[in-house]
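**Q** Provided below are the primary sequence and the corresponding predicted coordinates.
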Amino acid sequence: MPAMRSVIIGNGVAGIMTAVKLRELEPDRAKLDIAIYTREPYEYYSRVRLPEVFASALSAGDLAIYKPGWYEGKDIAVYKNQEVVGVERGEHRIRLSDGGTVPYDKLVLCMGADSYKPPIGSSELAGIFTIREYGDAEAIRSYMTEGTRHAVVVGGGLLGLEAARHMDVPGILGITIVEVMPRLLPKQLDEEGSKLLRALVEGKRCSVILEAKAESFMGGRRVEGLRLADGREIPAETALISAGILPRVGLARKAGLAVDRGVIVDDHMRTSDPHIWAAGDLAEYEGIVWGIIPAALDHAPVAAADILGRETRGYRQTVPQNTLKVAGINLTSMGKVTLTPQEEADYRVIARLDTEKKRYEKYVLKDGTLAGCILLGSRDNYGFAYQRIGKPVTPEEIEACLG
């Protein structure tokens, strides 16, 4: 019997981790063939490190997650520079941009997402960028050497703040972060944490403008600045838009799969076609597209197990987690970290702000369970938080951690 041919489109974290889990479950290549197709010319690399490229000579190889030979050792074939332009479901094959076709028994869609570009006037000017792939970061690095003295970042989320940090290259006079919401990292931080983060982010060359809507870019052929809706004008010879994502659903929609904001999947990551699965930034489950790495890591083993017909309890909605450095500052945000006035009576909050140590911690409890937490400025209690999120915890245990 020929090997089951599992084809994965996309070599980001969702695609690679699905391949890894498939091979762990079925090590015999004679029974399972795994092929990954990607439009990029690079092996799997760390996308969260892309802003580091701006002020360095880092190549895509420097950001690579696995060493050469790793794929061969896993019997996972990766076909680079191979853009998939069609899924022919009736024939069980994908169509490539060069006209070739590739058959599949099982297909996994892991194409990720593009950057969302809000309706800002004159966004077509040279010097205005988004960042999702290594080529984007490389283009920004090159452009910033052409006389950039001021940069503006539209969006005060995780990627926007990291980008602003690494745009502080020699010759830069000022970097402005423009956020439409009342605080930085509105999904990961509460008001108190955001205030501290802003104080840490702002410095000699970096400033933050909150509750500001970008109206239009200014300039002739190249960008020269950004005009806000209230009339303020910010000088900028380079601009980065970091305002969220748009799942790459075009291929799925053209193939006739069920699509809303993302590709709709069930709790086994199956799409509306029983031979096709989706995972990562383009997968939508129960109306939610997470667009975060923890979700991709949750999706991959579920999809792999279902493809091979193995027993699995199925996917349960991801608990949002972010653990990384934002503008050089340690941040962990897990679960529910903000409460509406209506919710406050149902939760207990234990928080500690230490402005001297530039540290903020917040723990949110519901019915004796740790529902969420914020650790800003320190990783001292990360192990405790990671092990106890979603599990029973007492206020006394939290107070002991806070010291």
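**A** That came through fine.

**Q** ok, the closest residue in space to K31 that isn't next to it in sequence - how many residues close by?
**A** In space, and not counting its chain neighbours, K31 is closest to A3: 5.6 Å by Cβ to Cβ, 6 or more residues apart in numbering. In this view, the C-beta of every residue, glycine as well, is placed from N, C-alpha and C. Residues contacting A3 under the criterion other Cβ atoms under 10 Å number 14.

**Q** residues contacting A3?
**A** Going by Cβ atoms under 8 Å, 6 or more residues apart in numbering, A3 touches 29-33.

**Q** could you do P182 as well?
**A** With the criterion set at Cβ under 8 Å, 6+ apart, P182 makes contact with 210-211.

**Q** check what pLDDT it gets.
**A** We have a pLDDT of 95 for P182.

**Q** and if you look at E399?
**A** The model's pLDDT for E399 equals 93.

**Q** list phi and psi for it.
**A** Main-chain dihedrals, E399, degrees, to the nearest 10: phi -60, psi -40.

**Q** residues in contact with the nearest residue to it once chain neighbours are set aside?
**A** Ranked by Cβ to Cβ, 6+ apart and with sequence neighbours excluded, the top spatial neighbour of E399 is I350, at 7.0 Å. With contact taken as Cβ under 8 Å, 6+ apart, I350 is in contact with 362-363, 365, 395, 398-399, 402.

**Q** with adjacent residues omitted, what lies nearest to the residue nearest the centre of the chain?
**A** Residue closest to the mean C-alpha point of the chain, counted by Cα atoms, centre = their mean, is I292 at 4.3 Å. Distances taken as Cβ to Cβ, 6+ apart place P320 nearest to I292, at 6.4 Å, with adjacent residues excluded.

**Q** likewise S378?
**A** Sequence neighbours aside, R359 is the residue nearest to S378 in space, at 5.0 Å (criterion: Cβ to Cβ, 6+ apart).

**Q** bridging across strands, which residues link to the one you found?
**A** Counting by DSSP bridges, R359 forms beta bridges with D354.

**Q** repeat that for the one 10 residues further on.
**A** In this structure, T369 has beta-bridge partners K366, P392, where bridges are defined by DSSP bridges.

**Q** now the lengthiest helix in the chain, how far from the centre of its chain.
**A** Secondary structure of the chain read by DSSP state H shows that its longest helix is helix 293-307. On the basis of Cα atoms, centre = their mean, to the nearest Å, helix 293-307 sits 16 Å off its chain's mean C-alpha point.

**Q** against which helices or strands is that helix packed?
**A** helix 13-25, strand 106-109, strand 276-278 (3 or more Cβ pairs under 8 Å, 6 or more residues apart in numbering; DSSP states H and E).

**Q** what pLDDT, on average, does the first one get?
**A** The average pLDDT for helix 13-25 rounds to 98.

**Q** for stretch 157-171, same thing?
**A** Stretch 157-171 comes out at a mean pLDDT of 92.

**Q** how about stretch 305-323?
**A** The model assigns stretch 305-323 a mean pLDDT of 90.

**Q** mind listing what's buried in that stretch?
**A** 305-308, 312, 315, 318, 320-323 (16 or more other Cβ atoms under 10 Å).

**Q** re earlier: okay, the helices and strands packed on helix 293-307 in JSON lines with distance to G244 and mean neighbour count next?
**A** Compiled in JSON lines, the helices and strands packed on helix 293-307 are given as follows (distance: least, Cβ to Cβ, whole Å; neighbours: other Cβ atoms under 10 Å):
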{"stretch": "helix 13-25", "distance to G244": "18", "mean neighbour count": "23"}
{"stretch": "strand 106-109", "distance to G244": "20", "mean neighbour count": "27"}
{"stretch": "strand 276-278", "distance to G244": "19", "mean neighbour count": "28"}
